[in-house]
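Visitor: How does the following fold in three dimensions:
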Amino acid sequence: MNIELRHLRYFIAVAEELHFGRAAARLNISQPPLSQQIQILEQQVGARLFARTNRSVSLTEAGRQFLADSRQILLQVNEAAARASRLHHGETGELHIGFTSSAPFIKAVSDTLSAFRQRYPDVHIQTRETNTREQIAPLTEGTLELGLMRNTQLPDTLDWQIILREPLLAMIHRDHPLAQRPSVSLVELGKEPFVFFDPHVGTGLYDDILGLMRRYGVTPAIAQEVGEAMTIIGLVASGLGVSILPASFSRVQLNEMRWVPITEVDAVSEMWLVWSKHHELSQAAERFKQQLINEIGRASCRERVLRLV
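Guide: Coordinates of the predicted model:
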C-alpha cells in the first residue's frame, strides 16, 4: 500500500464537493487526472469509496469512514508539522541552564529569564543551581546548554562571553568600626576573622577572591568555612567575622550588616555565559543567549547615560 497525502487531499475535496469538476477546480488540476488518482486510491484501499452515476457522486459507507479518518490524519500531520516548526524556531521544547547562586541576583539575568518566559511560554526552562566547577562537565557533555558562572579556567571544549564585570564588596557587621568607613582595604580585612567558602564546594569565587588577596600579600585567617553564599551573609550578620562577595549579592540587605566598597581597583569579579563548542545549541538556547547579551548591552547603555547625567 502506497497512499500519499495528496491522495487524501484529493479524496476529501471530491467527498466535500460530491462533484469531480468542482473538486478539480478547487484543487487547481484538470478533471481526468483527478478521476484517475481517485481510482488509484480506491485500488490501494481495496474498497469503493464513491458511488458514481452519470448524474451524481455520493460516498459509500466505506467512503464515509475513510473521509473521517482522512481528515484526522491530515489534521495530525498539520499539527505535527506545526510542532516541529515551533521547536525548530525555539518557540517550544526544553532549555537547560546551569547557574551559580549569584546569577539570579544580577538584574539583567533575572529580567531576561522573566521576559523569555513571557515571550516563549511553551519553552520549559530547566534550571540547575550549581557551582562553577560542577557546571563544566555537563556543559561539555551537552546535558546543560548554557551556564552562568564566575570567571574560572575553562577547557578548550567550552566557549564563553563576559556578561558582567562587577566590584567585590566587603561584608562587615554594623557594629564593627570598619563598617563606618567609606571603603576598606584588603589588608584591613585580612586582619579580621574571615568567613568564607569551603574549598571543596567548587565555587569560582574561592580562587577568585583568595587569589586577589594573595596578590596583595594577604592571607586571611578563615574562622568559618561554609557551602553557600547566603550562609556567609548570615554568619557575618551574626558577628562571626567579615567576608567578601560580588556586588550583585548586595541586593540582600540585613540590618545587622553593611556592604562596604573595597579600596583596591582590581577587586572585581566577572560573570560568564558559557556553552559548548562541539554541541549545537537548540534554537531556544540561541534565543535566550542573544536575549541575555542584548539585555546586558541595554543595561550598560543605561548605566553610561546615568553617569553622564
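Visitor: Please make it C-alpha for all contacts and neighbour counts, starting now.
Guide: Will do.
Visitor: what about Gln253, neighbour count?
Guide: 11 (other C-alpha atoms under 10 Å).
Visitor: Assign it to helix, strand or coil.
Guide: Three-state call for Gln253 (DSSP: H, G, I helix; E, B strand; the rest coil): coil.
Visitor: for Arg52, what are its contacts?
Guide: Ser58 (C-alpha atoms under 8 Å, 6 or more residues apart in numbering).
Visitor: Got the confidence number for it?
Guide: The predicted structure scores Arg52 at 89 on the pLDDT scale.
Visitor: Identify the residue spatially nearest to Ile136, adjacent ones excluded.
Guide: In space, Ile136 comes closest to Leu154 once its chain neighbours are excluded; the distance is 7.5 Å by C-alpha to C-alpha, 6 or more residues apart in numbering.
Visitor: Longest helix of this structure, counting residues only.
Guide: Secondary structure of the chain read by DSSP state H shows that its longest helix is helix 61-88.
Visitor: Just list what that one packs against, helices and strands only.
Guide: Applying 3 or more C-alpha pairs under 8 Å, 6 or more residues apart in numbering; DSSP states H and E, we find helix 61-88 packed against helix 5-17.
Visitor: And the strands in the stretch 1-150 of the chain?
Guide: 50-52, 57-59, 93-99, 123-129, 146-150 (DSSP state E, counting those that start in this stretch).
Visitor: now the stretch 201-309 of the chain
Guide: Counting by DSSP E, counting those that start in this stretch, the strands of the stretch 201-309 of the chain are 221-226, 243-246, 257-261, 268-276.
Visitor: could you dump those to JSON lines with mean neighbour count?
Guide: Conversion of those to JSON lines gives the following (neighbours: other C-alpha atoms under 10 Å):
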{"stretch": "strand 221-226", "mean neighbour count": "15"}
{"stretch": "strand 243-246", "mean neighbour count": "24"}
{"stretch": "strand 257-261", "mean neighbour count": "22"}
{"stretch": "strand 268-276", "mean neighbour count": "22"}
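Visitor: Same list (those) but as TSV, adding mean pLDDT and distance to Tyr10.
Guide: Supplementary listing: the strands of the stretch 201-309 of the chain in TSV, determined by pLDDT from 0 to 100; distance: least, C-alpha to C-alpha, whole Å:
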stretch	mean pLDDT	distance to Tyr10
strand 221-226	93	71
strand 243-246	95	66
strand 257-261	96	74
strand 268-276	93	48
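Visitor: Nearest to Ser58, out of those?
Guide: Nearest to Ser58 among the strands of the stretch 201-309 of the chain is strand 268-276; the distance by C-alpha to C-alpha comes to 60.5 Å.
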